[in-house]
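Asker: sequence first, then the predicted structure:
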Amino acid sequence: MKLLHLVATAVTGLLLIVGSLDLAETGDPAAPAATHVSPRYIESGLEETGVENMVTAVLADYRGFDTLGEVTVIFTGAIAVLLILRNGLKGEEDEA
Amino acid sequence: MTRYPPEGQPPDIIIRVVCRSLVPFIQLFGLYVVVHGHSSPGGGFQGGVTLAASFVLLALAEGRGALRRHIPLGALNAFASAGVLLYAGLGVVCLALGANYLDYGPLPFAEPRSVGMLVIEIGVGITVMAAMLSIFRDMLEF
Amino acid sequence: MIGSLDVVLLVLSVVCAVAAVQVRDLLASVVLLAAFSLFMCLLWTELGAVDVAFTEAAVGAGVTTVLFVITVYKTDRVSRD
């Protein structure tokens, strides 16, 4: 069984390495990810949003709705932990 | 696993004093990260986690009683909800001012987009801090 | 120069990851995971993704470690695998 796990890991790793060979070079200006919307953010981000940090401009302004979802996910996670652990506590008290 | 501090004994004085004197600086740095995300790396999420970590350090130094004393449970839940409400509420304000949801253009400030982003970063920071502390506290008390 | 730093960081992070899985003491495993997060944070910084590095340092090395330590404290310290 351990051998099977090792083989599965090795095959997956090899596939990932083969896949990574097709990725664009780090910092390549002609990469597909750098030619679609990135130039717009870099060229007009400062005058459109008035914020120097491009990451903040994209996260909070261009993709504000996405960040709202992210915050909601964190909030939901906290509520889920609260419900599960708090109810577990209550059950123990009832038994005692 | 040996417990620290041992049953019935207060934590070591050196650990208490060092952690207590570190906490304000960590909190100041967390607030700086939240409000300075506009022009340096950081933002609501990182700042909120840093703020939560300062309270975690306080709890580790002083024992869990300190956390229970300083931060009531209802306050954590209220803060976590208030952050999301602040974020979503700003979107509704933008709607009421005649723009799209979360389009900060028509806010009545000199630099409306900058101010809008500051508000939602603060909302994110409050929610992340309260959510992390709430998870930490629930796990500690379980 | 920076390229060789990359190689050192990658090797150290792989060593940390393998050791975190192999070690039997779960508390040591948690500490190794925190070290792995630290090396990933340095790698992100080196790649120019400073915001991601900040998040990795705050969440990966900070809060996650604390939550894992609490979990180990509440359950069992020795792995039975």
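Answerer: Arrived safely, thanks for sending. Residues are numbered from 1 along each chain as shown, chains lettered A, B, ... in the order given.
Asker: every contact and neighbour count from this point should use C-alpha atoms.
Answerer: Fine.
Asker: tell me the confidence at the residue positioned nearest the centre of chain C?
Answerer: The structure's chain C has its C-alpha centroid closest to residue C:36; by CA atoms, centre = their mean the separation is 2.4 Å. The model reports residue C:36 with a pLDDT of 94.
Asker: list the buried residues in the strand or helix carrying it.
Answerer: Using DSSP states H and E, residue C:36 sits within helix C:26-47. Neighbour-count burial for helix C:26-47 flags C:26-44, C:46 (criterion: 16 or more other CA atoms under 10 Å in any protein chain shown).
Asker: same check, this time on stretch A:49-67
Answerer: Of the residues in stretch A:49-67, A:49-51, A:53-62, A:64-65, A:67 count as buried by neighbour count, 16+ other CA under 10 Å.
Asker: residues contacting residue B:118?
Answerer: B:35, B:38 (CA atoms under 8 Å, 6 or more residues apart in numbering or on different chains).
Asker: averaged pLDDT, the longest helix belonging to chain A. What do you get?
Answerer: In chain A, with assignment by DSSP state H, the single longest helix is helix A:64-95. Per-residue pLDDT over helix A:64-95 has a mean of 82.
Asker: now the helix holding residue C:36, how far from the centre of its chain.
Answerer: A distance of 2 Å separates the centroid of the chain from that of helix C:26-47, by CA atoms, centre = their mean, to the nearest Å.
Asker: for stretch B:131-141, same thing?
Answerer: The answer for stretch B:131-141 is 13 Å, by CA atoms, centre = their mean.
Asker: of all the buried residues of stretch A:49-67, which comes closest to chain C?
Answerer: Closest approach between the buried residues of stretch A:49-67 and chain C, by CA to the nearest CA: residue A:55, at 7.6 Å.
Asker: gap between the residue most central in space within chain A and residue B:87?
Answerer: In chain A, the C-alpha closest to the average C-alpha coordinate belongs to residue A:70, at a distance of 9.4 Å (CA atoms, centre = their mean). According to CA to CA, to the nearest Å, residue A:70 and residue B:87 sit 11 Å apart.
Asker: give me the element the nearest residue to residue C:45 once chain neighbours are set aside is part of.
Answerer: Counting by CA to CA, 6 or more residues apart in numbering or on different chains, residue C:45 lies nearest to residue C:53, which is 5.6 Å off, once chain neighbours are set aside. Taking DSSP H and E as the definition, residue C:53 sits inside helix C:50-55.
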